[in-house]
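*Asks:* Give me the fold of what follows.
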Amino acid sequence: MRYWNILETLAESKNYSKNDNLLDYDNHIIYKKENDKILLDKEGNPIPLKIVGSLNIVYNLFRESKYGNTNDTFEKTKMWLGLRNSVAHFGTISAYHKLRGSRDKKYAEKAVKIIEHNKGHNPILFDLKEDVKLLLMRELNKE
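*Replies:* So this is what the prediction gives:
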């Protein structure tokens, strides 16, 4: 999961403000959700996600690079993080069921099912590797 570490390091180097709202690729605020329902604060206002935490900073790195799109990038990023956490905490992606976080468990399981469906070929980690390479090339070519 070294590729995830590269993404996380690149994202952390951007020094995003933890007070900034997380935006989609069309620059609309992304709100906190639970069971596909937007969460509200005490005043009844939607609660915006912030650019904080591994998932959100890595997603934002791709968004700022204009690489991908909101849904696909968020989906892939959640799967990558779920697999990363499974490997980091239990040594293998097949131990995803031991993860405590429901999001990590859900998306790691989804990734494992995709891998199983592809008879051992791992399109999730292949995409991670290729996306990291392309993102690195873009970062290195910036003036």
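*Asks:* where does this structure dip in pLDDT?
*Replies:* 143 (pLDDT under 70).
*Asks:* To what extent is L135 buried, counted in neighbours?
*Replies:* Around L135 there are 20 other residues, counting by other C-beta atoms under 10 Å. Bear in mind the C-beta positions are built from the backbone N, C-alpha and C, glycine included.
*Asks:* doesn't E64 make contact with it?
*Replies:* No - assessed by C-beta atoms under 8 Å, L135 is found out of contact with E64, at 10.2 Å.
*Asks:* residues in contact with L136?
*Replies:* 6, 10 (C-beta atoms under 8 Å, 6 or more residues apart in numbering).
*Asks:* Name the helix or strand for it, please.
*Replies:* helix 123-140 (DSSP states H and E).
*Asks:* Please report the distance of E130 from F90.
*Replies:* E130 sits 26 Å away from F90, taking C-beta to C-beta, to the nearest Å as the criterion.
*Asks:* Okay, strands next: where are they in the chain?
*Replies:* Assigned strands in the chain, in chain order: 33-34, 37-38 (criterion: DSSP state E).
*Asks:* What are the contacting residues of the first one?
*Replies:* Contact with strand 33-34 is made by L39, as judged by C-beta under 8 Å, 6+ apart.
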